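Chemist: Sequence and predicted structure, then a few things I'm wondering about:
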Amino acid sequence: MFDIDLSPLRLSLQVAALATAICLVLGVALAWLLARRRFWGRGLLSALVTLPLVLPPTVLGYYLLQVLGRRSLAGEFLEDAFGLRLAFAWEGAVIASTIVALPLMVRSAQAAFEAVDPSLENTARTLGRTNFAVFFTVTLPLAWPGVVAGTALAFARAVGEFGATIMFAGNIPGQTRTMPVAIYDAWQSGDAALANSLVAILTVTSVLSLLVIGRLLRVPHW
Amino acid sequence: MLEVDVGKRLGSFHLATAFSAGDEIAVLFGPSGAGKSLTLQTIAGILRPDKGLVRVNGLTAFDSAAGVNLPPQERRIGYVPQGYALFPHLTVARNIGYGLSGLDRRQRAQRVQEMIGLLGLAGLEARRPRELSGGQQQRVALARALVFRPRLLLLDEPFAALDEAIRSTLRQELLDIRRRMAVTIVLVTHDLAEAFALGDRIAVLDNGRVLQQGEREDVYYRPASRRVAELVQARNILAGRVVENGADGLQIDRQGRRVKGPPCPWAAVGPAVDFCIRASQVMVVRPGRPANPGERFNVFRGRVVREDLGAEGYLVYVRLAGSEQPHDLQIELPIHIYYRLNLDTDKDVDVSLNPELIHIMPASTGGGSASV
């Protein structure tokens, strides 16, 4: 089992880490917006963010192909202007994983923001601190446990992402073949031994990753 | 100097508060749901009124006509909400220093130490709010609101969550702090004793409106209406009809009984009026004793129908002779007086209403509670 090609593992971790980072920034912003602001189209935004939880990942992958594929308007523009190709590239796998993992991050963080007593924020504002400072010194620290939980869920979902990835990024060895895709591929081609090894490696790696995330984003005690 | 005149619609509730405060402790007093906290929030800048004006020591914080609405950050108004809103993840020292971000580290530490000394919080600097007693939490909240030298301090039910024992100590401390810091304070409470103990001026709020504002004695002894009299617990609020209005006072007919009242220039002969006398001001005439000057008028025979023992004394309920009410008067008596009078349920008693202590109010127009 030591001559196994580990590039799917490296790729999975890379894709999942990047997708989780994007989810963290984007998800916290969206969660705060949904928890604390009332604006036109809020309900629609909330539904859109949650949609990936409901739709099968293959449908999401199909949408991605339509919107960002090589023959779509946006896809053509990105390729002509920046030389950036998303479909059937590892960057595409990041996009797919981000979209699939985002609702988990947003749901968890939104609940955490909603649980922060607004009177703490209001009082902080009367003490002369900018809204920006209040967010980073009061709101975010108090919502942190929920944000950490959301991050762990998002990472777990990104590592396990399969359907949208195979639709949008494909199964190119060394480029877009992530662990779940590699496992499927090995099983399909009758290589049960490889499938078994990959499954074991992915399981162990996932557990370790979640432990590391929990440690890195340690929940403060108070 | 604080001027507030704000209007705000919140669902079916309509806030329309107007009051002013000078260089003192002003109390917003009223039942829960009266709009006291909302009023404070409009002053602090947390709640934006639909229209009106908030002016603090010459600073226009809100003026709908001029399109001014300063954010709370620019008002420099200290605000202690109900429950104190201490930051649970910060230590006492960092809670107190939260509003001092503009200063350098050394100055900040010095100002925090100043407040810690002033409020007797030494030794608690490194604790978290949940490791403090209610009284300590309240002091930290005060320190945090005072440390940046606000132009005004707003306190929302600051003592509501505390034991009675510590409450009076903290009230006294608040008065001391006020003297030392010379800051105008607006304090919200639903507790009449607290309003009276702390308020130089009291504004009585009910259902989003200020019913009366003035010196505390005015509000307490000379309520402007039946509703205010109820809120300041005058207890004996009666209805009658003016039958005579002379230079030496009124004659009021109440259910066939003549009651002499004080001079009251505005009262016309004929229409109904409400009048009240506080339960502590009704006198019991001791049999066989020459009447005191105040006991020469309005002496009525009645019967004790109920006695409630309170912390400070007895509340005695008296039904006047010939009355069909459950009781007509409530009399508050210190315990030693109560025993000296040898009162008991079902005993006859003579009570006297000193005309000087009776307060006349315009008859309440509809709504509210039924006339007694």
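Modeler: Done, it's in.

Chemist: Kindly check the end-to-end length of stretch B:45-60 for me.
Modeler: 12 Å (CA to CA, to the nearest Å).

Chemist: Any residue of that stretch touching chain A?
Modeler: Yes. Residues of stretch B:45-60 contacting chain A under CB under 8 Å from any CB of the partner chain: B:45, B:46. In this view, the C-beta of every residue, glycine as well, is placed from N, C-alpha and C.

Chemist: got the contact list for that stretch?
Modeler: A:122, A:125-126, B:1-9, B:15, B:38, B:41-43, B:61-66, B:68-72, B:75, B:77, B:79, B:151-152, B:184 (CB atoms under 8 Å, 6 or more residues apart in numbering or on different chains).

Chemist: Number of residues surrounding the residue in chain A positioned nearest to chain B?
Modeler: Here the residue of chain A nearest chain B is residue A:127; by CB to the nearest CB that distance is 3.3 Å. Counted by other CB atoms under 10 Å in any protein chain shown, the residues lying close to residue A:127 total 25.

Chemist: Just the buried positions in stretch A:121-136, please.
Modeler: A:121, A:122, A:123, A:124, A:125, A:126, A:127, A:128, A:129, A:133, A:134, A:135 (16 or more other CB atoms under 10 Å in any protein chain shown).

Chemist: Can you tell me, leaving aside adjacent residues, what's nearest to the third one?
Modeler: In space, not counting the residues next to it along the chain, residue A:123 is nearest to residue B:85; the distance is 4.3 Å by CB to CB, 6 or more residues apart in numbering or on different chains.

Chemist: Quick check: that neighbour touching residue A:117?
Modeler: Yes. Residue B:85 is in contact with residue A:117 according to CB atoms under 8 Å; the separation is 6.9 Å.

Chemist: Let me see the contact set for residue 24.
Modeler: Just going to use chain A. Counted by CB under 8 Å, 6+ apart, residue A:24 has contacts A:105, A:147, A:151, A:154.

Chemist: actually it's chain B I care about, not the one you picked
Modeler: B:184, B:185, B:200, B:201.

Chemist: for stretch B:320-335, how far is the first residue from the last?
Modeler: 23 Å.

Chemist: With stretch B:91-103 instead?
Modeler: 19 Å.

Chemist: tell me which residues of that stretch are tucked away?
Modeler: B:91, B:92, B:93, B:94, B:95, B:96, B:97, B:98, B:99, B:100.

Chemist: Quickly check: that stretch near chain A or not.
Modeler: Yes. Counting by CB under 8 Å from any CB, contacts between stretch B:91-103 and chain A involve B:98, B:99, B:101, B:102.

Chemist: Give me the nearest residue to the third one, chain neighbours excluded.
Modeler: By the measure of CB to CB, 6+ apart, the closest residue to residue B:101 outside its immediate chain neighbours is residue A:129, 6.0 Å from it.

Chemist: hang on, that neighbour in a strand?
Modeler: No. Secondary structure assignment (DSSP: H, G, I helix; E, B strand; the rest coil) places residue A:129 in coil, not in a strand.

Chemist: I'd say it and residue B:73 touch.
Modeler: Yes. Counting by CB under 8 Å, residue A:129 does reach residue B:73; the two are 6.9 Å apart.

Chemist: residues in contact with whichever strand or helix holds residue B:195?
Modeler: Per DSSP states H and E, residue B:195 falls inside helix B:192-198. The contact list for helix B:192-198 (CB under 8 Å, 6+ apart) reads B:25, B:27, B:29, B:159, B:167-168, B:171, B:174-175, B:187, B:189, B:202, B:216, B:220, B:231-233.

Chemist: Pull out the buried residues from those residues.
Modeler: Looks like those have B:25, B:27, B:29, B:159, B:167, B:171, B:174, B:187, B:189, B:202, B:216, B:220, B:231-232 buried, using 16+ other CB under 10 Å.

Chemist: Just the buried residues of the helix or strand of chain A with the lowest mean pLDDT, please?
Modeler: Ranked by mean pLDDT, DSSP states H and E, the helix or strand of chain A with the weakest confidence is helix A:73-82, at a mean of 86. For helix A:73-82, burial by neighbour count (16+ other CB under 10 Å) applies to A:75, A:78.

Chemist: what's the answer for stretch B:25-41, then?
Modeler: Buried residues in stretch B:25-41 (16+ other CB under 10 Å): B:25-30, B:34-41.

Chemist: per-residue confidence for residue 146?
Modeler: Chain wasn't specified; assuming chain A. Residue A:146 carries a pLDDT value of 92.

Chemist: that's the wrong chain, I meant chain B
Modeler: 93.

Chemist: which ones are touching it?
Modeler: B:78, B:115, B:118, B:153, B:177, B:181, B:183.

Chemist: interface residues of chain B facing chain A?
Modeler: So far as CB under 8 Å from any CB goes, chain B lies against chain A at B:41, B:44-46, B:71-73, B:75-83, B:85, B:87-89, B:98-99, B:101-102, B:128, B:130, B:144-145, B:148.

Chemist: Go ahead and build a ChimeraX selection from the buried members of those residues.
Modeler: Listed next is the ChimeraX selection for buried residues among the residues of chain B next to chain A, using 16+ other CB under 10 Å:
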select /B:41,44,45,46,72,73,75,76,77,78,79,80,81,82,83,85,87,89,98,99,128,144,145,148
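
Chemist: re earlier: I'd like the buried residues of stretch B:25-41 laid out as a markdown table, including distance to residue B:353.
Modeler: Formatted as a markdown table, those follow (distance: CB to CB, whole Å):
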| residue | distance to residue B:353 |
| --- | --- |
| B:25 | 33 |
| B:26 | 32 |
| B:27 | 29 |
| B:28 | 32 |
| B:29 | 26 |
| B:30 | 28 |
| B:34 | 31 |
| B:35 | 35 |
| B:36 | 33 |
| B:37 | 38 |
| B:38 | 39 |
| B:39 | 36 |
| B:40 | 39 |
| B:41 | 43 |
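
Chemist: Give me the subset of these that lies in strands.
Modeler: The members of the buried residues of stretch B:25-41 that map onto strands under DSSP state E are B:25, B:26, B:27, B:28, B:29.

Chemist: TSV for those, including distance to residue A:110 and pLDDT?
Modeler: Shown next, in TSV, are these (distance: CB to CB, whole Å; pLDDT from 0 to 100):
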residue	distance to residue A:110	pLDDT
B:25	42	91
B:26	40	94
B:27	40	96
B:28	36	96
B:29	39	96
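
Chemist: and the residues you listed, which two are the farthest apart?
Modeler: B:25 and B:29 (11.9 Å; CB to CB).

Chemist: joint contacts of the two?
Modeler: residue B:199.

Chemist: ok, residue B:256 - contacts?
Modeler: If you count contacts by CB under 8 Å, 6+ apart, residue B:256 has them with residue B:322.

Chemist: phi, psi of residue B:132?
Modeler: phi -110, psi 160 (degrees, to the nearest 10).

Chemist: same check, this time on the one 10 residues further on
Modeler: According to degrees, to the nearest 10, the main-chain angles of residue B:142 amount to phi -60, psi -50.

Chemist: Could you measure from residue B:182 over to residue B:146?
Modeler: 11 Å (CB to CB, to the nearest Å).

Chemist: Please read the previous query as pertaining to residue B:44.
Modeler: Distance from residue B:44 to residue B:146, by CB to CB: 15 Å.
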